[in-house]
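**Q** Please find the sequence and the predicted model below.
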Amino acid sequence: MALWALPVLALLIYSGGWELPLVGESADAAGSALLRVGYLPAYAAGFALIALRPGSTFRTLIRQPFLIVLLLVVAASVFWSVNPDQTARRGFALVCTTLGGIALAARFRWPQLAEVVGAAFAVLIIACFVVCLAVPRIGIMTELFPGAWRGLWREKNGLGGNMAFGFCILSAAALLNPQRARLWWTFAGLALVLVLMSTSKTSLVSLMLGVAAIGFVWIAQRGPALGAAATWTSVTGVVLLGAFILFASDVFFAILGKDATLTGRTKIWAAVMREIEDRPWLGYGYQAVWGDKSGWGPFAWISKNAGFQAQHAHNSWLEQWLGLGLLGLVAWGLFYLQAMTLAVIAVFRDRGALLAFPFLVVYSLVALTESIALIYNDFRWVLFVAFAAKLAFPDREIRA
């Protein structure tokens, strides 16, 4: 039970669902310090899992050369960072967060991993319903989007986005563990309810994409003929969707309830690109831009050119380029490409694709409009690393 409790505890902490109830919507200096301390038990749980299986953890890690290079670039960026103290502190947190994902991949087989992550989502789902129904002043938004549920997070997209991932993972837990399928399908249904109550259309699109990915894997693994048919159908669907977005973008944005700037994101991207032009090769240092309040650094220029203050680049690819330069961007791109390639191969060979492939598909979509890659103390980054590493470390290499 302890071996299951440790990773579930770590995932619950990395979810950040405890931050809003503890310190409120805006944390002062004391609150920020409390938040940093709050993640220490997650680091400890990760290192405890590593200590239990050091050999498996090492073998898992060395199969991720691009991830290792990426972490080395993060560490080296301290020397050219515009805020070296912040880069060093957050870089350490990133290493601890990443190793937590590696430990999950090294310790659990696919069915077990699905249930470990599913158990964390089940706790979050129950907590979200409790806080929304019993403490609506915390769980329900009253200003920007009155009536929209936000659960344990600061705004509705946090609840909707996390529950879209949760639906995919809980569905995979049901399919990989048929003896407890009814339990996991029940929680998957509750995750769907939370997505709907968040009123986040982007999250709903993500969930629908995840459902399509789950269906694709399930059909592809029924046999070669069905696999070929599912592949061609999926490719055709992606092409048609791309054509629809390209030639009927106004209709597409209307369906999502967005404007052509994607709620100001295109303005942020243009402002970020201007700053990247000044330091294209090495960037400004890992996570050094957004905490710079000097009034004259890159953050000030991005805010001026975008017309408002953003918390991040709202694009995982631009975020790496801005902080780590082309060197970090290429390392991230190769790590992502390795994960996606192995996931596509697993669709036709490994039942674990039911867990990894839908998650990576939804992650790829969200990464286009949110900075969720290479983020310290982040639930989604832990899971991305865990699934990417697990795809290269098959179940047969895990000792009972």
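**A** That came through, no problem. Quantities reported herein were computed from a predicted structural model and do not represent experimental measurements.

**Q** Which residue, other than its chain neighbours, is closest to Ile372?
**A** Excluding the flanking residues, the one nearest Ile372 by CB to CB, 6 or more residues apart in numbering is Arg380, at 5.0 Å. The C-beta positions use only the backbone N, C-alpha and C, and glycine is treated the same way.

**Q** check which helix or strand covers that neighbour.
**A** If you go by DSSP states H and E, Arg380 is part of helix 379-391.

**Q** Model confidence at the closest residue in space to Ile62 that isn't next to it in sequence, what's the number?
**A** Using CB to CB, 6+ apart and skipping residues adjacent in sequence, the residue nearest Ile62 is Ile68, 7.8 Å away. We note a pLDDT of 98 for Ile68 in this prediction.

**Q** Helix or strand: which one has the closest residue to Leu71 other than its chain neighbours?
**A** Excluding the flanking residues, the one nearest Leu71 by CB to CB, 6+ apart is Val95, at 6.1 Å. Here Val95 sits within helix 84-107, counting by DSSP H and E.

**Q** Which residues belonging to that helix are considered buried?
**A** 86-91, 93-94, 96-107 (16 or more other CB atoms under 10 Å).

**Q** buried set for the helix or strand following that helix?
**A** Per DSSP H and E, the first helix or strand lying C-terminal to helix 84-107 is helix 110-134. Buried residues in helix 110-134, counting neighbours by 16+ other CB under 10 Å, are found at 110-125, 127-129, 131-132.

**Q** what does stretch 17-36 give?
**A** Gly17, Glu19, Leu20, Val23, Leu35.

**Q** Residues touching it, excluding its own?
**A** Under the criterion CB atoms under 8 Å, 6 or more residues apart in numbering, residues Leu12, Gly38, Leu124, Ala127, Cys128, Val131, Ile138, Arg150, Gly151, Leu152, Trp153, Arg154 lie in contact with stretch 17-36.

**Q** What is the nearest of those residues to Trp184?
**A** Trp184 lies nearest to Leu124 out of those, by CB to CB, at 14.2 Å.

**Q** Contacts only, for the closest one.
**A** Counted by CB under 8 Å, 6+ apart, Leu124 has contacts Leu12, Ser15, Gly17, Gly151, Leu152, Asn162, Gly166.

**Q** Can you tell me which helices and strands the helix or strand where Ala44 lies packs against?
**A** Using DSSP H and E, Ala44 sits within helix 40-52. Helix 40-52 sits against helix 2-14, helix 84-107, with contacts defined as 3 or more CB pairs under 8 Å, 6 or more residues apart in numbering; DSSP states H and E.

**Q** Lowest average confidence across these, which one?
**A** Lowest mean pLDDT of those: helix 2-14, a mean of 92.

**Q** Quick one: list the elements packing against that helix.
**A** helix 40-52, helix 84-107, helix 110-134, helix 379-391.

**Q** Let me see the mean pLDDT of the third one.
**A** Mean pLDDT, helix 110-134: 97.

**Q** Give me the angle between that helix and helix 2-14.
**A** 50 degrees (axes from the mean of the first three to the mean of the last three CA atoms, to 10 degrees).

**Q** Next, count neighbours for the residue nearest to Ile372.
**A** By other CB atoms under 10 Å, 21 other residues sit near Arg380.

**Q** In contact with it: list those residues for me.
**A** Phe165, Tyr363, Val366, Ile372.

**Q** Of those, which is the nearest to Thr266?
**A** Val366 (16.9 Å).

**Q** Which pLDDT value goes with the closest one?
**A** Looking at Val366, its pLDDT reads 94.

**Q** How many neighbouring residues does the residue nearest to Ala367 when sequence neighbours are not counted have?
**A** Excluding its sequence neighbours, the residue lying closest to Ala367 (CB to CB, 6+ apart) is Ser316, at 3.9 Å. As a burial measure, Ser316 scores 24 neighbours (other CB under 10 Å).

**Q** How about the one 10 residues further on?
**A** Counted by other CB under 10 Å, the residues lying close to Leu326 total 16.

**Q** what's the answer for the one 4 residues further on, then?
**A** The criterion is other CB under 10 Å. On that basis, Val330 has 17 neighbouring residues.

**Q** Tell me the secondary structure at it.
**A** Counting by DSSP: H, G, I helix; E, B strand; the rest coil, the backbone at Val330 sits in helix.

**Q** residues touching it, list them.
**A** Val330 neighbours (CB under 8 Å, 6+ apart): none.

**Q** Look up how far Ala75 lies from it.
**A** Taking CB to CB, to the nearest Å as the measure, Val330 falls 17 Å from Ala75.

**Q** which secondary element of this protein has the worst mean pLDDT?
**A** helix 249-256 (a mean of 68; mean pLDDT, DSSP states H and E).

**Q** list the helices and strands the helix or strand that that helix is followed by packs on?
**A** Once helix 249-256 ends, the next helix or strand along the chain (criterion: DSSP H and E) is helix 265-276. If you count contacts as 3+ CB pairs under 8 Å, 6+ apart, helix 265-276 packs onto helix 298-306, helix 316-347.

**Q** what about the closest residue to Ala339 other than its chain neighbours, how many neighbours?
**A** In this structure, Ala339 finds its nearest non-sequential neighbour in Ala388, 3.7 Å apart by CB to CB, 6+ apart. When neighbours are counted by other CB under 10 Å, Ala388 registers 26.

**Q** How about the contacts made by Ala388?
**A** Gln64, Leu67, Phe335, Gln338, Ala339, Leu342, Leu360.

**Q** rerun that using 10 Å as the cut-off
**A** 63-64, 66-67, 101-102, 105, 335-336, 338-340, 342-343, 356, 360, 363 (CB atoms under 10 Å, 6 or more residues apart in numbering).

**Q** Distance check, it against Leu67.
**A** Relative to Leu67, and taking CB to CB, Ala388 is found at 8 Å.

**Q** Which residues are in contact with each of these two?
**A** Joint contacts of Ala388 and Leu67 (CB under 10 Å, 6+ apart) are Gly101, Ile102, Phe335, Gln338, Ala339.

**Q** Thanks a lot, see you next time.
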